[in-house]
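Participant: build me a model from this:
(4 chains)
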Protein chains: 2
Amino acid sequence: MSTIPTATISRLVTYLRILTDLDFSGVKKTSSDHLAEEAQVSAFQVRKDLAYFGRFGTRGTGYLVPMLRREVRRILGLTRPWNVVIVGMGRLGQAIADYPNFYQYDFSLCGFFDIDPEKAGDQVRDEEIMHPRDMPRIVKERDIDIGFLTVPQGAAQQAADQIVAAGIGGILNFAPSVINVPEEVHVESVDFMAGLMRLSFYRQNR
Amino acid sequence: MSTIPTATISRLVTYLRILTDLDFSGVKKTSSDHLAEEAQVSAFQVRKDLAYFGRFGTRGTGYLVPMLRREVRRILGLTRPWNVVIVGMGRLGQAIADYPNFYQYDFSLCGFFDIDPEKAGDQVRDEEIMHPRDMPRIVKERDIDIGFLTVPQGAAQQAADQIVAAGIGGILNFAPSVINVPEEVHVESVDFMAGLMRLSFYRQNR
DNA sequence: ATATGTGAATTGATTCACAGCG
DNA sequence: CGCTGTGAATCAATTCACATAT
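Facilitator: Numbers count the residues shown, from 1 in each chain, chains lettered A, B, ... in the order given. Next up is the predicted model:
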């Protein structure tokens, strides 16, 4: 499996969405050309991306949509369940707790944490908001894999430390800051102000 | 200005945040080494990134925080105002309309659109929600530069077409899909489910 | 005939080493 | 002497061309 570009993983997510749309529309077959057009990349790129993981097509024919969809889901780890906690139950944490589309892919929200004693005991989705001191126990009891970091910027590093100390190995970081974690912990960032600033740059230099 | 890696622009956003923190803390001087450590990149990288835009340091000494901060803001286009509309006033659009931190950088929310006639006329921040048919007029009257695309997945392409037709040249796309726009229109995407799926991949292959 | 899969070529980004300047 | 700025070298990613399979 040598070394797979991170951009390849991002594109696989795009391919999966296209394949899901096709599958729901009842389309049975597709090709690297078609996927490439939908994903706005080259057909070479589609084939190369898939080639990191195996051979999924039939020469002269293309790809079978349900089969390729299943394979990409498997490659991305989306055929197994993932247990998630949310750390930081302000506006953003609340909004994400209400997001209805996790269940489409076996992600389960299994715990909600906030350091504010005012919030402790409040109900979110039939669960009480807990203090981060309870995180290590909950992570063990409920087999948590992933933490959503939705605290304010100034609290991000401390919250990240608590998530790591609790034994969680993957963080989805919504805070607008670089967090420092051991290298075995994986962090992905979701940062809309950064997207807006990049847009500002490209518009200014249009 | 030859061709600047997109990764460089993302890192400049990170440097700006670090410089802002330093400035608020009253720190007057910094170095590529220090910025590199905070941003979790190499010092070569910091210097190379800055070198695309000019010479901002003093050899043997380093960088002056307020001056470098100002320069990076300018490079990113953040020293001028940007007028923004939100297209799609569901949960996400509403949440973003309530986000308090746009004013820190001169972004102004100047219009809210939704295709749902039920929503038309509702107030958001002292503004009525309008129908997208009014977008071309509003864009002209209010000199709009950027549109936030916060409609559901299935409506994303149509809404993007309306944004482009209204004369907007930059889109911050929150919908989990690739949108097709003319090449002079710049799109940046904010996609938290994609981040979550990448995390799923890297955790599975840990 | 047609579309995949893949080594080779090219393009692009990062790292390096050191020249340049305070 | 210390730290920036930058051409050259290395490393990585994308593109290409075509051999391969149906």
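
Participant: where do the strands sit along chain A?
Facilitator: A:29-30, A:63-64, A:82-87, A:107-113, A:123-124, A:127-130, A:146-149, A:170-173, A:186-189 (DSSP state E).

Participant: identify the residue nearest the geometric centre of chain A.
Facilitator: Against the mean C-alpha coordinate of chain A, by C-alpha atoms, centre = their mean, the closest residue is residue A:172 at 6.9 Å.

Participant: beta-bridge partners for the closest residue to that residue other than its chain neighbours, please?
Facilitator: Counting by C-beta to C-beta, 6 or more residues apart in numbering or on different chains, residue A:148 is the residue found nearest to residue A:172 once chain neighbours are left out, at 4.9 Å. All C-beta spots, glycine's among them, are computed from the backbone N, C-alpha and C. Beta-bridge partners recorded for residue A:148 (DSSP bridges): residue A:86, residue A:172.

Participant: which residue of chain A sits farthest from its center?
Facilitator: Distance from the centre of chain A peaks at residue A:60, with 34.5 Å (C-alpha atoms, centre = their mean).

Participant: quick check: the gap between it and residue A:29.
Facilitator: Distance, residue A:60 to residue A:29, by C-beta to C-beta, to the nearest Å: 12 Å.

Participant: quick one, what contacts the residue nearest to the centre of chain A?
Facilitator: Shown in contact with residue A:172 (C-beta atoms under 8 Å, 6 or more residues apart in numbering or on different chains): A:146, A:147, A:148, A:149, A:187, A:188, A:189, A:190, B:192, B:195, B:196, B:199.

Participant: was I right about the second one contacting residue A:167?
Facilitator: Looking back up the chat, that one is residue A:147. No: if you go by C-beta atoms under 8 Å, residue A:147 and residue A:167 don't touch, sitting 10.1 Å apart.

Participant: tell me which of these two has more neighbours.
Facilitator: The neighbour count for residue A:147 versus residue A:167, taken as other C-beta atoms under 10 Å in any protein chain shown, is higher for residue A:147 (30 against 12).

Participant: what's the closest of the strands of chain A to residue B:8?
Facilitator: Of all the strands of chain A, it is strand A:186-189 that lies closest to residue B:8, at 16.8 Å by C-beta to C-beta.

Participant: now for that closest one, which elements pack on it?
Facilitator: strand A:170-173, helix B:192-204 (3 or more C-beta pairs under 8 Å, 6 or more residues apart in numbering or on different chains; DSSP states H and E).

Participant: deepest-packed of those, please.
Facilitator: With neighbours defined as mean count of other C-beta atoms under 10 Å in any protein chain shown, the helices and strands packed on strand A:186-189 peak in mean count at strand A:170-173, which reaches a mean of 24.

Participant: now chain A, which segments are flagged as low pLDDT?
Facilitator: Applying pLDDT under 70 to chain A flags the ranges A:1-2.

Participant: show me which residues of it sit near DNA strand C.
Facilitator: Residues of chain A that fall close to DNA strand C, judged by C-beta under 7 Å from any atom of the strand: A:31-33, A:43-44, A:47-48, A:50-51, A:55-63.

Participant: okay, and which of these map to helices?
Facilitator: A:32, A:33, A:43, A:44, A:47, A:48, A:50, A:51 (DSSP state H).

Participant: mind putting those residues into TSV with distance to chain B and neighbour count?
Facilitator: TSV is the format used below for these (distance: C-beta to the nearest C-beta, whole Å; neighbours: other C-beta atoms under 10 Å in any protein chain shown):
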residue	distance to chain B	neighbour count
A:32	16	21
A:33	16	13
A:43	15	15
A:44	18	10
A:47	18	16
A:48	17	15
A:50	14	23
A:51	16	12
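
Participant: check those residues and tell me the two furthest apart.
Facilitator: A:33 and A:51 (15.8 Å).

Participant: what's the neighbour count on the nearest residue to residue A:128 once chain neighbours are set aside?
Facilitator: Using C-beta to C-beta, 6+ apart and skipping the chain neighbours, the partner closest in space to residue A:128 is residue A:121 (5.5 Å). By other C-beta under 10 Å, the residues close to residue A:121 number 10.

Participant: kindly list the longest helix within chain A.
Facilitator: Max-length helix for chain A by DSSP H is helix A:6-24.

Participant: list of residues touching that one?
Facilitator: With contacts defined as C-beta under 8 Å, 6+ apart, helix A:6-24 is touched by A:30, A:35, A:38-39, A:41, A:45-46, A:48-50, A:52, A:65-66, A:68-69, A:72-73, A:75-76, A:78, B:176-178, B:194, B:197-198, B:201-202.

Participant: which residues of chain A lie near DNA strand D?
Facilitator: Checking chain A against DNA strand D by C-beta under 7 Å from any atom of the strand, the hits are A:3, A:5-8, A:41-42, A:44-45, A:47-48, A:58-61.

Participant: what's the most distant pair in those residues?
Facilitator: Taking C-beta to C-beta, no two of those sit farther apart than A:6 and A:60, at 32.2 Å.

Participant: separation between the nearest residue to residue A:33 once chain neighbours are set aside and residue A:144?
Facilitator: In space, and not counting its chain neighbours, residue A:33 is closest to residue A:43: 4.8 Å by C-beta to C-beta, 6+ apart. Distance of residue A:43 to residue A:144, computed by C-beta to C-beta: 40 Å.
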